[in-house]
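J.: no sequence for this one, just the structure:
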């Protein structure tokens, strides 16, 4: 059972329980924020056991889990918003766990997931990516490629669409993002689209406010993620690269589509001593907000640029 797919179960189980009218001992997702890696792993074991009951009693598939999870619901909505179809050959830049790769594969002809997978805690991610794709019977139309987005190993005009969904936050800086956009433009055909989806630092609800508070803490005191960039900066990058047309749309699904799980204790040794007290205060404030209001991803920008 792929870890990536088990993550989907966190938000899918309550919906599946309601759908099949059964009572299961469960926990609120918000209680997982702030727990140790060991406690988090115990929770995952419970998720695995509960999902096994659904598989056995109701013959559900991993697609059912995906469809009923916040993550899957958001990715499918994004793929539809992009108007992907069976004629498209898609490059999914920064594919990570493959959640958007799955949605893109459902709507398009073929998808290549591209990622360097060298960040903190990403050991074994390619194995999990392949397991997820296999469990969803998509191996015939999905390929995973390990590569840096700043130097994509494909010829010019190899794809009809290049996407980056919730992944530019994992780039080192704005210069790297701009270089990746240039590469994405290079590898799409004339009139092809480069589409980036990323959250923005704006909260419309208390749950989104709590998400931003924790993600701000995560971006500041751990390595590997940038804080969300405002709309003006993102659009400016596309303008610098140069496209025939650039469309911008704000989307707000108010789902837990990219929960910023992390345990500050793991990172404290690498935080300067004079910053630790401030980090702990920031972290505890964010956790208190999540336990009070829950957590939901803030609005995202969908920037669609035509070559």
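T.: Yes, it's here. Bear in mind the structure is a predicted one, so any value in this text is a computation, not a measurement. Numbering: from 1, shown residues only.
J.: tell me how far the helix or strand containing residue 233 lies from the chain's centre.
T.: If you go by DSSP states H and E, residue 233 is part of helix 231-241. The gap between where helix 231-241 is centred and where its chain is centred comes out at 21 Å by CA atoms, centre = their mean, to the nearest Å.
J.: quick check: mean pLDDT of it?
T.: For helix 231-241, mean pLDDT is 94.
J.: now do residue 43, the pLDDT please.
T.: Looking at residue 43, its pLDDT stands at 85.
J.: can I take it that it is in a helix?
T.: Yes: the assignment for residue 43 (DSSP: H, G, I helix; E, B strand; the rest coil) places it in a helix.
J.: so it is in contact with residue 33, correct?
T.: No: with contacts counted by CB atoms under 8 Å, residue 43 stays clear of residue 33, the gap being 11.3 Å. No exception for glycine: its C-beta is placed from N, CA and C like everyone else's.
J.: the two: who's more crowded?
T.: residue 33 (22 against 16; other CB atoms under 10 Å).
J.: burial of the closest residue to that one other than its chain neighbours, as a residue count?
T.: Once flanking residues are discounted, residue 33 sits nearest to residue 290: 5.1 Å by CB to CB, 6 or more residues apart in numbering. Applying other CB under 10 Å, we find 26 residues neighbouring residue 290.
J.: check residue 74 too.
T.: Count around residue 74 with other CB under 10 Å applied: 25.
J.: ok, longest strand in this protein?
T.: strand 188-199 (DSSP state E).
J.: which elements pack onto that strand?
T.: Where contact means 3 or more CB pairs under 8 Å, 6 or more residues apart in numbering; DSSP states H and E, strand 188-199 is packed against strand 159-165, helix 174-187, helix 231-241, strand 300-306.
J.: which of those sits most buried?
T.: strand 159-165 (a mean of 26; mean count of other CB atoms under 10 Å).
J.: given it, what are its sheet partners and their directions?
T.: Each strand paired with strand 159-165, and its direction, by DSSP bridges: strand 89-93 (parallel), strand 188-199 (parallel).
J.: show me which residues of the longest one are buried.
T.: Read that as strand 188-199. 188, 192-199 (16 or more other CB atoms under 10 Å).
J.: pLDDT of it, averaged?
T.: 98.
J.: thinking again about what came up before, out of the helices and strands packed on strand 188-199, which gets nearest to residue 92?
T.: Comparing these against residue 92 with CB to CB, the closest turns out to be strand 159-165 (5.4 Å).
J.: what's residue 222 sitting at in phi/psi?
T.: The phi/psi pair for residue 222 (degrees, to the nearest 10) reads phi -130, psi 170.
J.: what about the nearest residue in space to it that is not next to it in sequence, how many residues nearby?
T.: Once flanking residues are discounted, residue 222 sits nearest to residue 267: 4.9 Å by CB to CB, 6+ apart. Applying other CB under 10 Å, we find 17 residues neighbouring residue 267.
J.: how near is residue 267 to residue 277?
T.: For residue 267, the distance to residue 277 equals 14 Å [CB to CB, to the nearest Å].
J.: was I right to think residue 48 contacts residue 5?
T.: No: between residue 48 and residue 5 there is no contact under CB under 8 Å: 9.8 Å.
J.: comparing these two, which residue is more hemmed in?
T.: Taking neighbours as other CB under 10 Å, residue 48 and residue 5 compare with residue 5 leading, 26 against 14.
J.: list the contacts of the more buried one.
T.: If you count contacts by CB atoms under 8 Å, 6 or more residues apart in numbering, residue 5 has them with 62, 65-66, 131-132, 135.
J.: may I ask which helix or strand encompasses it?
T.: helix 3-19.
J.: now residue 126
T.: helix 125-135.
J.: between that helix and helix 3-19, how many degrees?
T.: Calculated by axes from the mean of the first three to the mean of the last three CA atoms, to 10 degrees, helix 125-135 forms an angle of 40 degrees with helix 3-19.
J.: before we move on, the earlier item: adjacent strands (with direction) for the next helix or strand after the helix holding residue 233?
T.: Next in sequence after helix 231-241, counting helices and strands by DSSP H and E, comes strand 245-251. According to DSSP bridges, strand 245-251 forms sheet pairs with strand 300-306 (antiparallel).
J.: can you tell me what sits against the strand it pairs with?
T.: Residues from elsewhere that reach strand 300-306 (CB under 8 Å, 6+ apart): 78, 81-82, 166, 185, 191-200, 231, 234-235, 238, 241, 243-252.
J.: follow-up on the earlier one: list of residues touching the longest strand of the chain?
T.: With CB under 8 Å, 6+ apart, strand 188-199 has contacts from 78, 82, 91, 157-169, 181, 184-185, 228-229, 234, 238, 243-244, 251, 258, 297-307.
J.: then stretch 261-269?
T.: 32-37, 40, 217-218, 221-222, 276, 279-280, 283.
J.: can you flag the buried ones in those residues?
T.: Judged by 16+ other CB under 10 Å, buried ones among the contacts of stretch 261-269: 32-34, 217-218, 221-222, 279-280, 283.
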